[in-house]
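Trainee: turn this into a model:
(chains A and B)
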Amino acid sequence: MNVFSITDFDGLLLAAIPQIWYALPLIVVVSLVYGATRHENLREILAHSMRNAIWCFGFMSIIFFLIWIAGFWN
Amino acid sequence: MPEIVYPQESGEPVVVDLQDPYWAAFFAWVWPGAGHFYQRRFAKGFLFMICILSTYFFGLGIGQGRVVYASFKPGNLRWQFVCQLGVGAPALPAIIQSMKTKKGGDPYWILCERFPADYRNSSLAFHKITPENSNGYSGETIKDGFMAPPGGMNKPKARSRVQTDTLGRWHFEGKHYFEMGTLFTVIAGLLNLLAVYDAFCGPAIITPAQREMLETKKKKKNKKNKKNKK
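Mentor: Okay, the predicted model is just below:
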């Protein structure tokens, strides 16, 4: 019987890497639009969105690595 | 003409003229950025327009024009359309297509035709008709329309089967692009709601007075926590 194991899950995660690239333009766009609702000056908008984008990317990277490491737990 | 003045810690205060905020919000919904152009906030208007429309059309593109459609029937409740509608006019053709196909009619702007559910070669049912596999077939077909609901779903005879299987073919043929396209268009619609809010109320800038209030609140909280620990 074919049982779904954690290594399959790890494989699935790595297989999903091409799809993860789609998150990058989304992070940029969401950060810019959110930043624009918090400021009126373009420079401040860019600075705010840069901080937001880095925060988002960092948070997603941490979650990604946690799940990736969980794949070795088998 | 409500004018909002945001005092700054240094330099001149930021002044935002919202003109008529109701009209601005309406324009901002109809076309992302249009409300800001109406308020003469051109830089932000361009920023919203480029960001939101590029996300929306990129999603629509990778979803091959099928990811934005209006259908609120049991079995095919397209709740994502509520979010996609946030983008305004670019999502409205989906409503026109929904009305056109409501009573089983063919959609406008046909993308391709498919074999019907009861096609004699059942393995080809719901597949795209191409010159290679058509074998001179000239009977009734299911039609995929640009921003139209899954073809054939309103035809009473094959309602339950066709509805799910055409949508299933879209997912199968589009691979992950169907989901990605849906995600991008949904996010574009939701982002435009932020732009509408910005056109209606102005930016949510934190003034020095508000910042001070927040900092004093934080300090009070920290003091309380320290006391509790002791």
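
Trainee: now the helices for chain B?
Mentor: Along chain B, counting by DSSP state H, helices occupy B:21-30, B:34-38, B:42-62, B:80-84, B:93-101, B:159-174, B:176-201, B:208-229.

Trainee: I meant chain A, not that one.
Mentor: In chain A, the helices defined using DSSP H lie at A:6-15, A:17-20, A:23-38, A:42-70.

Trainee: distance-wise, check the nearest residue to residue B:36 once chain neighbours are set aside relative to residue A:64.
Mentor: Of all residues not flanking residue B:36 in the chain, residue B:45 sits nearest, at 3.4 Å (Cβ to Cβ, 6 or more residues apart in numbering or on different chains). (C-beta placed from N, C-alpha, C; glycine too.) Going from residue B:45 to residue A:64 by Cβ to Cβ, to the nearest Å gives 35 Å.

Trainee: among these two, which residue is more densely surrounded?
Mentor: More neighbours surround residue B:45 than the other of residue B:45 and residue A:64, with 24 against 15 (other Cβ atoms under 10 Å in any protein chain shown).

Trainee: wait, the more buried one touches residue B:37, no?
Mentor: Yes - using Cβ atoms under 8 Å as the test, residue B:45 is close enough to residue B:37 to be in contact (4.4 Å).

Trainee: neighbours of the closest residue to residue B:101 other than its chain neighbours, just the number please.
Mentor: Nearest non-adjacent residue to residue B:101, counting by Cβ to Cβ, 6+ apart: residue B:107, 5.1 Å away. Neighbour count of residue B:107, defined by other Cβ under 10 Å: 21.

Trainee: name all residues that make contact with residue B:107.
Mentor: Contacts for residue B:107 (Cβ atoms under 8 Å, 6 or more residues apart in numbering or on different chains) come out as B:97, B:100, B:101, B:143, B:144, B:145, B:146, B:148, B:151.

Trainee: and of these, the nearest to residue A:54?
Mentor: Set against residue A:54, the nearest of the contacts of residue B:107 by Cβ to Cβ is residue B:146 (38.3 Å).

Trainee: gap between the closest residue to the closest one other than its chain neighbours and residue B:225?
Mentor: Excluding its sequence neighbours, the residue lying closest to residue B:146 (Cβ to Cβ, 6+ apart) is residue B:109, at 3.9 Å. The gap separating residue B:109 from residue B:225 is 61 Å, by Cβ to Cβ.

Trainee: show me which of those two is the more surrounded one.
Mentor: Neighbours per residue, other Cβ under 10 Å: of residue B:109 and residue B:225, the larger number sits with residue B:109, 13 against 10.

Trainee: is it true that the more buried one touches residue B:144?
Mentor: No - using Cβ under 8 Å as the test, residue B:109 is too far from residue B:144 to be in contact (9.8 Å).

Trainee: OK, contacts around the residue nearest the centre of chain B?
Mentor: When Cα atoms, centre = their mean is applied to chain B, the residue found nearest the centroid is residue B:84 (1.9 Å). Residue B:84 makes contact with B:68, B:91, B:94, B:185, B:186, B:188, B:189 under the criterion Cβ under 8 Å, 6+ apart.

Trainee: leaving out the residues flanking it, which one is nearest to the residue most central in space within chain A?
Mentor: With distances taken as Cα atoms, centre = their mean, residue A:60 lies nearest the centre of chain A, 3.5 Å away. Nearest residue to residue A:60, sequence neighbours excluded (Cβ to Cβ, 6+ apart): residue A:23, at 6.6 Å.
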